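K.L.:
show me the folded form of this:
(3 chains)
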Amino acid sequence: MTTKKNLFEEHSIEYKIFENKEALSPHFTPPKLPYREEEIKRVVGLMAPALKRGKPTNIFIYGKTGVGKTMVARFVSSELHEMCTEKQIPLFLSYINNRMYTSKYAVLVKLLKDLYESDKQYFEEKKLAVHESGAPPTLLYETLVDYIEGKGVGVVVILDEIDAVRDLDNLLYTLTRANDETRKSRKPEAKYGYVAVLGISNNLFFKKKLDPRSRSTLCEEEMIFAPYNAKQLTRILMDRVKLGFKDNKVEDSAVHLTAAVAAKEGGDARYALRLLRKAGEIAEANDSKSVSEKDVEDAHKSVEEDIVFESLGTLPEQQQVILLALADLTANGTANLTGEKRNQFTSGEVYEEYKKVSKQVVKEQPRSMRWVREYLNELEMLGFISMQFSGKGSRGQTRLVELGEDPKKIKEFILRSLKV
DNA sequence: CCTCCACAGGAAGCGCAGGAGT
DNA sequence: ACTCCTGCGCTTCCTGTGGAGG
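P.N.:
Next comes the predicted model:
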């Protein structure tokens, strides 16, 4: 006897444990942000001038992943936007994730596109063109200034993961110059306009690389978000449990364990939620009547692997090849004269291995050493490897490269991701 | 002390894709 | 349709640097 199965059948199953799975997703904005009241208050204070048609203070927010930086920024700015709309104060809000827009040029194009989307009418009336890549940068800049001046609109740009912008100095200079220009040329009848920047980063050290002028621009006001501790995470999770799960489907002990694990991982709330969601999925799949500690433990392992694999998979192919080469070196543990296993390799050694792997595994011409050094820097920034200068003991000036994760797993993941 | 090693990272430039201006 | 630009990914060339070797 044939059982006809609809393709969508498994997606139409009613959940027994989840009430609203969305509430556990990283994109969900909860109605309340516990333990961030102070930070919210401060950002509100700094942005408040917008309500009097003044330029908000530029803000730089720093903190590890999953400590609510983006949430606070988006929450406060959308409230501000709401209030401005109510009071009929022109304000434009743009959220840009710099992981996707990694140059001044790309950011400018994105910003203009957003402006166009929100105000097509004005753009067409004034015959301001929307530019795609290829347009001269000065033209992009002029369009931006024209719009701000002509409309007298305040523009608040949230630059998330701002450290990913390669020519950040240049970008900040351009944006602030737009301010000076609109202010200078303001005729009595002209309306007020400005660009305010809210930068977010989880890498404090990048600040040192900025040139002093752009640092003082960006960091007019600096805020540091501390990681959540286990107790705070528990409360955050409890709130979400109420929203995301049916009543009494998550054991208290499971929540506490999740919070404890996430606290140890650096107080990352996003991680905690992901863990809880995975635990819920496991419980759901097992047809359990509630989420238990055991489910959280199981989720811990699989989430850990998911995260590594996901981030590995988004890397450019050549960077994956480099990691593969490094993993090979580390796994084979090329013994030195004294016979001990090494896990650090000079950039030259990595390059030699990379050349081999690139030709053999991916049938491709290896990149030049100069460019591989650039790749290595990127991989370090992303935390896949760590590097330090070879101090004494080594001849010449080089850097020692070390893999951050277990070489066997990296190897397995990359081979899977490259499909070879 | 000087020189050399083994790189680091800046500068210039090249081919390409793709928009602007004509 | 064309020429002129620009950004992007990358190579080539180059100067800088800190310890090792003589």
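K.L.:
mind checking how far stretch A:409-420 is from the chain centre?
P.N.:
When C-alpha coordinates are averaged (C-alpha atoms, centre = their mean, to the nearest Å), stretch A:409-420 and its chain have centres 24 Å apart.
K.L.:
can you list contacts of it?
P.N.:
A:305, A:308-309, A:312-313, A:317, A:320-321, A:323-324, A:327-328, A:331, A:361-362, A:403 (C-beta atoms under 8 Å, 6 or more residues apart in numbering). The way it works is simple: take the backbone N, C-alpha and C, and place the C-beta from them, glycine included.
K.L.:
point out the other helices and strands that the helix ranked longest in chain A packs with.
P.N.:
In terms of residue count, the longest helix belonging to chain A (DSSP state H) is helix A:293-313. Contact here means 3 or more C-beta pairs under 8 Å, 6 or more residues apart in numbering; DSSP states H and E; on that basis helix A:293-313 packs against helix A:252-264, helix A:269-285, helix A:407-418.
K.L.:
let's go with 10 Å and repeat that
P.N.:
On a contact count with 3 or more C-beta pairs under 10 Å, 6 or more residues apart in numbering; DSSP states H and E, helix A:293-313 meets helix A:252-264, helix A:269-285, helix A:317-332, helix A:407-418.
K.L.:
ok, which of those helices comes nearest residue A:352?
P.N.:
Residue A:352 lies closest to helix A:317-332 among these, at 8.7 Å (C-beta to C-beta).
K.L.:
do that closest one and DNA strand B meet?
P.N.:
No: using C-beta under 7 Å from any atom of the strand, helix A:317-332 stays clear of DNA strand B, coming no nearer than 12.6 Å.
K.L.:
how about that helix: buried residues?
P.N.:
Going by neighbour count (16 or more other C-beta atoms under 10 Å), the buried part of helix A:317-332 is A:318-331.
K.L.:
output it as PDB, restricted to C-alpha atoms.
P.N.:
The C-alpha coordinates for helix A:317-332 follow below in PDB (Å, rounded to 0.1, in the frame of the first residue of the first chain):
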ATOM      1  CA  GLU A 317      37.600  29.700  -1.400                       C
ATOM      2  CA  GLN A 318      41.200  30.700  -1.300                       C
ATOM      3  CA  GLN A 319      41.000  31.500   2.400                       C
ATOM      4  CA  GLN A 320      39.500  28.000   3.000                       C
ATOM      5  CA  VAL A 321      42.400  26.500   1.100                       C
ATOM      6  CA  ILE A 322      44.900  28.300   3.300                       C
ATOM      7  CA  LEU A 323      43.100  27.000   6.400                       C
ATOM      8  CA  LEU A 324      43.200  23.600   4.900                       C
ATOM      9  CA  ALA A 325      46.900  23.800   4.300                       C
ATOM     10  CA  LEU A 326      47.500  25.000   7.800                       C
ATOM     11  CA  ALA A 327      45.300  22.200   9.200                       C
ATOM     12  CA  ASP A 328      47.300  19.700   7.200                       C
ATOM     13  CA  LEU A 329      50.600  21.100   8.600                       C
ATOM     14  CA  THR A 330      49.200  21.000  12.200                       C
ATOM     15  CA  ALA A 331      47.700  17.600  11.900                       C
ATOM     16  CA  ASN A 332      50.700  16.000  10.300                       C
END
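K.L.:
which elements pack onto it?
P.N.:
Judged by 3+ C-beta pairs under 10 Å, 6+ apart, helix A:317-332 is in contact with helix A:293-313, strand A:344-346, helix A:347-360, helix A:369-381, strand A:385-389, strand A:399-403, helix A:407-418.
K.L.:
let's see 6 Å
P.N.:
Helix A:317-332 is packed against helix A:347-360, helix A:369-381, helix A:407-418, with contacts defined by 3 or more C-beta pairs under 6 Å, 6 or more residues apart in numbering; DSSP states H and E.
K.L.:
which pLDDT value belongs to the residue of the stretch 1-150 of chain A found nearest DNA strand C?
P.N.:
Distances between the stretch 1-150 of chain A and DNA strand C by C-beta to the nearest atom of the strand are smallest at residue A:103, namely 3.5 Å. Predicted confidence (pLDDT) at residue A:103: the value is 90.
K.L.:
again, but for residue A:184
P.N.:
The model reports residue A:184 with a pLDDT of 61.
K.L.:
buried stuff in the helix or strand of chain A with the lowest mean pLDDT?
P.N.:
Taking mean pLDDT, DSSP states H and E as the measure, chain A has helix A:206-209 as its least confident helix or strand, at a mean of 74. When burial is assessed from 16+ other C-beta under 10 Å, helix A:206-209 yields the following buried residues: A:206-207.
K.L.:
next one: stretch A:142-150
P.N.:
Using 16+ other C-beta under 10 Å as the test for burial, stretch A:142-150 gives A:143-145, A:147-150.
K.L.:
in helices, which of those appear?
P.N.:
Checked against DSSP H, those include these in helices: A:143-145, A:147-150.
K.L.:
ok, which residues in chain A are in contact with DNA strand B?
P.N.:
So chain A meets DNA strand B at A:129, A:131-136, A:139, A:346-349, A:369-370, A:373, A:376-377, A:395-399 (C-beta under 7 Å from any atom of the strand).
K.L.:
pull out the buried residues from the residues you listed.
P.N.:
Buried subset of these (neighbour count, 16+ other C-beta under 10 Å): A:131, A:135, A:347, A:349, A:376, A:399.
K.L.:
return the residues in contact with the residue of the stretch 1-150 of chain A closest to DNA strand C.
P.N.:
By C-beta atoms under 6 Å, 6 or more residues apart in numbering, the contact set of residue A:103 is A:166-167.
K.L.:
what's the most distant pair in the buried ones among the residues of chain A next to DNA strand B?
P.N.:
By the measure C-beta to C-beta, A:131 and A:349 form the most distant pair in those, at 45.5 Å.
K.L.:
tell me the residues of the stretch 251-400 of chain A that contact DNA strand C?
P.N.:
Residues of the stretch 251-400 of chain A lying near DNA strand C (C-beta under 7 Å from any atom of the strand): A:316, A:318, A:365-368, A:370-371, A:374, A:391-397.
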